[in-house]
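Peer 1: quick one, fold the following:
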Amino acid sequence: MLAAAPTIETHSPADQAELVAAVREAVDERTPLFPLGGGTAQGYGLKSRAAGRSLSLKNLARVVDYPARDMTVTVEAGITLAELAKLLDAEHQMLPIDVAQPATATLGGAIAVNFSGPRRYGYGTLRDYVIGITAIDGHGTAFHAGGRVVKNVAGYDFCKLLTGSLGTLAVITQVTLKVRPRPETGLFLSLDVPTSQRAEALLAGLVQSKVNPSAVELLIGDAWKDLGNGSTERFATLIVGLEGTEPEVRWMVDQLRSEWQTAGAATANLHEGAEVEPLRARLTSFGCEGPPAPWVLKFNVRPSCVVDTCGLIRRIFPAASLLSHAGNGIILARLGDIAAHELAKPLIGELRQAAGAEGGQAVVWNCPAPEDLTRQLAWGPARDDDAMMRRLKTQFDPHGLLNPGRYLF
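Peer 2: Residues are numbered from 1 along each chain as shown. Below is the predicted model of the structure:
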């Protein structure tokens, strides 16, 4: 039987001053705090068994400063990714980070989870774009790190430390980002791949290719069916994103098609115009669908191990549907229907052990019953850096009030 959900009281501070006051009050009362953005990644990490207070940042969504010529923007953490994109688009700029459910997901939440999608291959992750941050630690003290200029390397990089910390070190309230010019055009090329050997060869060929993709995606199982193609009678589909000026992109399309034909591959399919954003959105949201929430594992392996790891996952879970950000070695495995929660545990352990033998790791990205997850099942066995991470947690949050139990402690 699952443990009863703890009582969570929700507060929505109107501004940063009210948020600081709310955190200090909770520190004085020793009340656990649960920072909340858009609530789109609640299936990631452990569920706290402590009652406490949820701090919604939905009201902290203001634009603080946008000197477009400097290619930076400062906003409050509660702004949604869709609103931020709209702001930047007016100046022909962008934050090239793909995040699921952008109309709901907030910037602060995306940073806390360190979400990344298909374009991480060409543009990097949120860690590469956060150059300034304001947050409130577990003492109730507001602090600043970084600044509003791109070349800022003084001191310890708290921006990167807080990125991916799942709100366990501090409540992010304001962020300064560097942004990029919006490309003139973008499209996808997709290619049916009949065998794992051919997939391996094509991925290796992209490393030596003359083109510079923004995304390199490999779909296996019923993933492509979910994207609307309707066929599952092949090993995989390779999807490559290309962005740039119109002449650049057309040259890359011709060049890549030529390289694939030389390698003996079939004719590639072109996805452009109105097809581009829906396809990107589906690739980005893979593994985030629900309810009901599926079992989804996230693997981080060497790019050269992607195809072998995908084959291993499919041998253990034949019904699994896989999406890999193959150029980065990221694999999301939607495991399909698992009748018993207990049945999944030894199989996930087997997968994690096999991935570890290849120098990789695996975490649970989503789970039908997150309240029943254990630390080892969600994050794997104890790590060598656990002691250091505990010391960091103690420095930032000595009373253990910020998202207690969500991450490792």
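
Peer 1: use CA for all of it now, contacts and neighbours both
Peer 2: Fine.

Peer 1: contacts for the helix or strand hosting residue 352?
Peer 2: Assigned by DSSP states H and E, residue 352 belongs to helix 341-357. Identification of contacts with helix 341-357 by Cα atoms under 8 Å, 6 or more residues apart in numbering yields 299, 301, 309, 312-313, 316, 338, 361-362, 369, 377, 380.

Peer 1: can you pull out the low-pLDDT segments for the stretch 301-409 of the chain?
Peer 2: 336-344 (pLDDT under 70).

Peer 1: contact partners for residue 285?
Peer 2: Contacts for residue 285 (Cα under 8 Å, 6+ apart) come out as 99-101.

Peer 1: give me every residue that touches residue 79.
Peer 2: By Cα under 8 Å, 6+ apart, residue 79 lies in contact with 58, 60-62, 106-108.

Peer 1: likewise for residue 104?
Peer 2: Neighbour list for residue 104: 38-40, 80-82 [criterion: Cα under 8 Å, 6+ apart].

Peer 1: pop the domain breakdown of the protein in here.
Peer 2: Here the chain is described, according to automatic domain parsing, as comprising the domains 1-182+381-409, 185-285, 296-373.

Peer 1: can you flag the weakest of the ones you listed by average pLDDT?
Peer 2: Here the lowest mean pLDDT among the domains of the chain goes to domain 296-373, at a mean of 82.

Peer 1: check the offset of the helix holding residue 352 from the chain's centre.
Peer 2: 22 Å (Cα atoms, centre = their mean, to the nearest Å).

Peer 1: show me the contacts of residue 104 that map onto helices.
Peer 2: Taking DSSP state H as the definition of helices, the contacts of residue 104 contribute 81-82.

Peer 1: among the contacts of residue 104, which two are most distant?
Peer 2: For these, the maximum inter-member distance is 14.9 Å, found between 39 and 82 (Cα to Cα).

Peer 1: the two: which has the busier surroundings?
Peer 2: Between residue 39 and residue 82, residue 82 has the larger neighbour count (other Cα atoms under 10 Å), namely 17 against 13.

Peer 1: and the contacts of the very next helix or strand once past the helix holding residue 352?
Peer 2: As assigned by DSSP H and E, the chain's next helix or strand after helix 341-357 is strand 361-366. Strand 361-366 is contacted by residues 43-45, 287-288, 293-301, 351-352, 355, 377-380 when judged by Cα under 8 Å, 6+ apart.

Peer 1: okay, buried residues for strand 361-366 please.
Peer 2: 361-366 (16 or more other Cα atoms under 10 Å).

Peer 1: try stretch 49-61
Peer 2: By neighbour count on 16+ other Cα under 10 Å, the buried set for stretch 49-61 is 50, 52-61.

Peer 1: kindly report the same for stretch 28-40.
Peer 2: By 16+ other Cα under 10 Å, the buried positions in stretch 28-40 come out as 31-38, 40.
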